[in-house]
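J.: Need a 3D model of the following:
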Amino acid sequence: MADPTEGGTDVLYLGPLAPPLVALIAGLVIHSFIIGVNVSDWWRGRSVTPVDHIVTSLGITRICTQSSDMLYMLMVSLSLDAQVPLVIMDVAYNFFTNADICFTTLLSIVYCLKISNLHTRLFLYLRRMISHRTGRLIVASILFCASNSLMTLLLFFLKVTNNGPHNTTTDDVSPDCICSKCIYNIATGTFLPLFFYSISSVLLFVSLYHHTTRMKMSSNVSINLETYYSAMRSVSFTFIYNTVYFIAHFISVLYLYFYCMELSWLYKIISFLPALHSSYLIYRTAKLRNEMFKVLQNFMNYLLQRTNAQNSET
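T.: Residues are numbered from 1 along each chain as shown. As a prediction, the model looks like this:
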């Protein structure tokens, strides 16, 4: 006969997984929609812009990020003592997180080169070069994140080899929990992309601000500035998203560094951010927004037809 407390114990262990599971389901729906729209356009032979390539790569990366995060939390909740699988899942999560940041940086750079009205020789050269090499830059970003993750995994196995096999359990409270692999990952895989992202975002915002200021001072009062204000709000929202995303990860790594404990509640909050940002991308992108309206309209029509059919049967 089964233990009557077994079900309650399972709920107690798996209950904390509810928030990341909700975030995973929402993310799968939102990211899959973005990927489906862009892949469908490519399959039908329609023009696909460099922004579409980056946004599609971003959607795939975020699905993988949330899936690896969910698997890691599930393994921890089930109290699996094998350190190597946990570290591999952690490295996979860091890889996809770094790829997310790299693709967001690349998207910001493309927007900056596309929208900014700078006319320096270097700026015009970068605009021509990046617009025709977006695919290569996506591959380069993946290789950069992969090399960083492989180096992180190598550092872990070197530490295990030096300390011996007795330090490979999750209950270990030795200096291994200093987690130098996380510090390395933050230092190399995050700061460099965020540095370029900050430069491109600031340049784009300043360029839009000066342009709107000059247009308001001009004699033409019929100019509609709402498009420029909307672009500035979009840049500000994405900048706030990346800042919060980075600070949350950095705080969790510092806490792990000093106290040898993970802030699981913070990771659960972070898991909702990619879906939130992707929803904003759908709202800000005309093609994605129109397709979303069509999907919602077809869904409402289906519900209405089903309700009418049930009423007619009764």
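
J.: ok, residue 70 - contacts?
T.: 17, 20-21, 24 (C-beta atoms under 8 Å, 6 or more residues apart in numbering). The way it works is simple: take the backbone N, C-alpha and C, and place the C-beta from them, glycine included.

J.: Just those: which are in helices?
T.: Among the contacts of residue 70, DSSP state H puts 20-21, 24 in helices.

J.: ok so, going back, just curious, which of the contacts of residue 70 is nearest to residue 191?
T.: Taking C-beta to C-beta as the measure, residue 191 lies nearest residue 20 of the contacts of residue 70, at 26.1 Å.

J.: Kindly reformat the contacts of residue 70 as JSON lines and extend each row with pLDDT, neighbour count and distance to residue 33.
T.: Shown next, in JSON lines, are those (pLDDT from 0 to 100; neighbours: other C-beta atoms under 10 Å; distance: C-beta to C-beta, whole Å):
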{"residue": "17", "pLDDT": "75", "neighbour count": "16", "distance to residue 33": "24"}
{"residue": "20", "pLDDT": "79", "neighbour count": "23", "distance to residue 33": "20"}
{"residue": "21", "pLDDT": "84", "neighbour count": "17", "distance to residue 33": "19"}
{"residue": "24", "pLDDT": "87", "neighbour count": "22", "distance to residue 33": "15"}
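
J.: Distance to residue 198 added to those, as JSON lines?
T.: Formatted as JSON lines, those follow (distance: C-beta to C-beta, whole Å):
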{"residue": "17", "distance to residue 198": "34"}
{"residue": "20", "distance to residue 198": "29"}
{"residue": "21", "distance to residue 198": "33"}
{"residue": "24", "distance to residue 198": "29"}
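
J.: Show the subsequent helix or strand relative to the helix or strand hosting residue 29.
T.: Secondary-structure element containing residue 29, defined by DSSP states H and E: helix 18-43. Going down the chain from helix 18-43, the next helix or strand is helix 50-77, by DSSP H and E.

J.: What are the buried residues along that next one?
T.: Across helix 50-77, burial judged by 16 or more other C-beta atoms under 10 Å covers 50-70, 72-77.

J.: Report the residue spans of the protein with pLDDT below the cut-off.
T.: 1-16, 79-83, 159-160, 162-187, 219-223, 313-314 (pLDDT under 70).

J.: Which stretches in it count as helices?
T.: 6-14, 18-43, 50-77, 83-115, 121-131, 134-163, 180-189, 191-217, 226-259, 264-270, 273-284, 286-313.

J.: thinking again about what came up before, the helix holding residue 29: how far from the chain's middle?
T.: 12 Å (C-alpha atoms, centre = their mean, to the nearest Å).

J.: Which strands and helices lie in contact with it?
T.: The contact analysis (3 or more C-beta pairs under 8 Å, 6 or more residues apart in numbering; DSSP states H and E) places helix 18-43 against helix 50-77, helix 264-270, helix 273-284, helix 286-313.

J.: How many residues are close by residue 256?
T.: Neighbour count of residue 256, defined by other C-beta atoms under 10 Å: 17.

J.: Isn't it up against residue 267?
T.: No. If you go by C-beta atoms under 8 Å, residue 256 and residue 267 don't touch, sitting 11.0 Å apart.
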